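K.L.:
following is a predicted model, sequence given first.
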Amino acid sequence: MNRFALAVSTGIARVTGAALGPYQTAMIRIGFSATWLLFLLREFPHRQELYGPDGPWSWNLADQLISLNGAFTALMWSDGRFWFETVYVLAAVSSLLLLLGWRTRAMSVLFMVGVLSLQNRSIFMGDGGDNVLHLMCIYLVLTRCGQVWSLDERRARRTREAHARGEHGVDRVGPALWGVLGLVLVSAAFLDRLNGDRFVPALLWALWLAQGLWWAVDRFTRSGQSRIMLDVVGNIVHNGALLVIMAEACLIYATAGWYKIQGSRWQDGTAVYYPLHLESFSPWPALADLLSANGVMVMLVTYGTVAVQVAFPFTLFNRRVKNILLAAMITEHAVIAVVLGLPFFSLAMIAADSVFLPTTFLRRLGEGLARARVRLWARLTGGDAPGAGLPGQRGPEGERVGPVGQRGPEGRGALKEPEPAQSPHLIGDPGADPEDLAASGHPEKATSARPENPTPGDPENPDPRHVGFPA
């Protein structure tokens, strides 16, 4: 009973003490924002036919459908061409800024509004990837997705450095940005543009009020207890949203696999052959003929696809098997992107799969990209890249690497940071794998229930004494 109580208390401390999976949520942010941005750029010449006034699905037809299903879309606020162009450009800009990690909380809200506005305007233009993006953009606004690999992280680091030097700054961009968003929300409500389904308007109001509460606590309260409580609530919401994203990905694969089992073509091992010879899904006919020429290969791919999709949700508690199947699914989607000509569907699914990628792999990936950036900049300019490198990462010999990629404490621009915990799975470590939400291993190794300073490195909340918004 004592061991069970310890496991429960350890799990509660993990969920409330830190926002888990920072690298996984960053991958989700980057993956989905890049997918949507590339789609908008690719379809920019055809935007009027897809979602605008010149499309076959006219504004009046869309208005009749939305009056029945109540779907949220800002494009129905006006039938003018200028309003459509404004929403389309804002959707692309918010995707780019979310990709870069600038004001991730605010940009994730605008990203969600852009996705829902365009997709709900013309519901017949989407595919399976659009459905995944439709769901994930809602979950994304509830996560702290800018903790790593973002401009918010750099802003938070600079804020901490300035605070260490005794400097105190006031964030004016955050309040101004959320003030403008609040003004738009109030105007839309006053003009009765938020009628229909109440979920999205309620979510927008809740997010805006939460940012106002966070700003008020930072601005007017001296005690740290209110800030700690808000951090706990934010961690719980983040971890809950991350768990829902994982469950959604498992549900997608499970339902796809079990539905395939019921199909006769999947049962006899020939299902993969037919889409390879559909004109709409054959951008490379010669390649499709080559892949479908071998009957044994078609059978293996058909049965392998079903087996991987059905088995994947059951492998989450065995990391080695999970990683093998995860690599197989990512490879499968990459092949689908090339062979069947479905790049955006594949990118969306790979972005959803990235929530299960190991933290160690993602850290090494980030360090490798940072070193490549330093080498590329040095080759182009003949000098060191200003601010390049990952702060606090380890070099090949184990010493710390400064933000300009130089090693050792004597390196120019090097940062002295405390050594991290020995195990990435201790309580309060935000770098733990997200599947630890379901089962935490070795709870007896936990060192503390909650860090003394709640989420000191959270880029969405750089400093308790830094007056501004979380994002």
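P.N.:
Cool, got the structure. Numbering: from 1, shown residues only.
K.L.:
then the helix or strand hosting residue 327 to CSV, C-alphas only?
P.N.:
For residue 327, the host element (DSSP states H and E) is helix 319-339. Taking Å, rounded to 0.1, in the frame of the first residue of the first chain, the C-alpha atoms of helix 319-339 are listed here in CSV:
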residue,chain,number,x,y,z
ARG,A,319,9.8,1.7,-25.8
ARG,A,320,12.0,-0.4,-28.0
VAL,A,321,9.2,-2.0,-29.9
LYS,A,322,7.3,1.4,-30.0
ASN,A,323,10.3,3.1,-31.6
ILE,A,324,10.6,0.4,-34.2
LEU,A,325,7.0,0.6,-35.2
LEU,A,326,7.2,4.4,-35.1
ALA,A,327,10.1,4.4,-37.5
ALA,A,328,8.1,2.1,-39.8
MET,A,329,5.0,4.4,-39.8
ILE,A,330,7.1,7.5,-40.5
THR,A,331,8.8,5.7,-43.4
GLU,A,332,5.4,4.6,-44.6
HIS,A,333,4.0,8.1,-44.6
ALA,A,334,7.2,9.4,-46.4
VAL,A,335,6.6,6.8,-49.1
ILE,A,336,2.9,7.8,-49.4
ALA,A,337,4.0,11.4,-49.8
VAL,A,338,6.2,10.5,-52.8
VAL,A,339,4.4,7.6,-54.4
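K.L.:
would you pull up how far that helix lies from the middle of the chain?
P.N.:
19 Å (C-alpha atoms, centre = their mean, to the nearest Å).
K.L.:
list the buried residues of that helix.
P.N.:
Applying a neighbour-count criterion of 16 or more other C-beta atoms under 10 Å, one finds 322, 325-326, 329-330, 332-333, 336-337, 339 buried in helix 319-339. (Each C-beta comes from the backbone N, C-alpha and C, glycine too.)
K.L.:
likewise stretch 158-177?
P.N.:
Buried, per 16+ other C-beta under 10 Å, within stretch 158-177: 159-160, 163, 171, 174-175, 177.
K.L.:
in a markdown table, list those along with distance to residue 68 and secondary structure.
P.N.:
Shown next, in a markdown table, are the buried residues of stretch 158-177 (distance: C-beta to C-beta, whole Å; DSSP: H, G, I helix; E, B strand; the rest coil):
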| residue | distance to residue 68 | secondary structure |
| --- | --- | --- |
| 159 | 49 | helix |
| 160 | 52 | helix |
| 163 | 54 | helix |
| 171 | 43 | coil |
| 174 | 39 | helix |
| 175 | 39 | helix |
| 177 | 35 | helix |
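K.L.:
name the nearest of those relative to residue 73.
P.N.:
For the buried residues of stretch 158-177, the minimum distance to residue 73 (C-beta to C-beta) is 22.6 Å, reached by residue 177.
K.L.:
test my guess that that closest one contacts residue 106.
P.N.:
Yes - the pair residue 177 and residue 106 passes the contact test of C-beta atoms under 8 Å, sitting 5.3 Å apart.
K.L.:
pLDDT below threshold where in the stretch 1-150 of the chain?
P.N.:
Along the stretch 1-150 of the chain, the model assigns pLDDT under 70 to residues 1.
K.L.:
and for stretch 44-61, what's in contact with it?
P.N.:
With contacts defined as C-beta atoms under 8 Å, 6 or more residues apart in numbering, stretch 44-61 is touched by 40, 43, 75-76, 79, 81, 84, 88, 118, 121-122, 124-125.
K.L.:
what sits closest to residue 250 if chain neighbours are left out?
P.N.:
residue 313 (4.0 Å; C-beta to C-beta, 6 or more residues apart in numbering).
K.L.:
any idea of the pLDDT on that neighbour?
P.N.:
pLDDT recorded at residue 313 is 92.
K.L.:
do the same with the one 3 residues further on
P.N.:
Per-residue confidence (pLDDT) for residue 316: 89.
K.L.:
burial count for it?
P.N.:
18 (other C-beta atoms under 10 Å).
K.L.:
what distance do you get for it to residue 324?
P.N.:
From residue 316 across to residue 324, the span is 13 Å (C-beta to C-beta, to the nearest Å).
K.L.:
likewise residue 371?
P.N.:
27 Å.
K.L.:
for this protein, just list every one of the strands.
P.N.:
Secondary structure of the chain (DSSP state E): no strands located.
K.L.:
sorry, back to before: which one of the contacts of stretch 44-61 is nearest to residue 382?
P.N.:
Nearest member of those to residue 382, counting by C-beta to C-beta, is residue 40, at 37.1 Å.
K.L.:
pretty sure that closest one contacts residue 96?
P.N.:
No - counting by C-beta under 8 Å, residue 96 is not a contact partner of residue 40; they are 9.6 Å apart.
K.L.:
let me know whether residue 92 touches residue 42 as I believe.
P.N.:
No - using C-beta under 8 Å, residue 92 is not in contact with residue 42, being 11.1 Å away.
K.L.:
okay, these two: which has more neighbours?
P.N.:
For the pair residue 92 and residue 42, the greater number of neighbours falls to residue 92 (18 against 11), based on other C-beta under 10 Å.
K.L.:
would you mind measuring from the residue lying closest to the more buried one once chain neighbours are set aside to residue 99?
P.N.:
With C-beta to C-beta, 6+ apart as the criterion, residue 92 has its nearest non-adjacent residue at 4.6 Å, and that residue is residue 40. As judged by C-beta to C-beta, residue 40 and residue 99 stand 12 Å apart.
K.L.:
for residue 2, same thing?
P.N.:
47 Å.
K.L.:
if you count surrounding residues, which of the two has more?
P.N.:
The neighbour count for residue 2 versus residue 99, taken as other C-beta under 10 Å, is higher for residue 99 (20 against 6).
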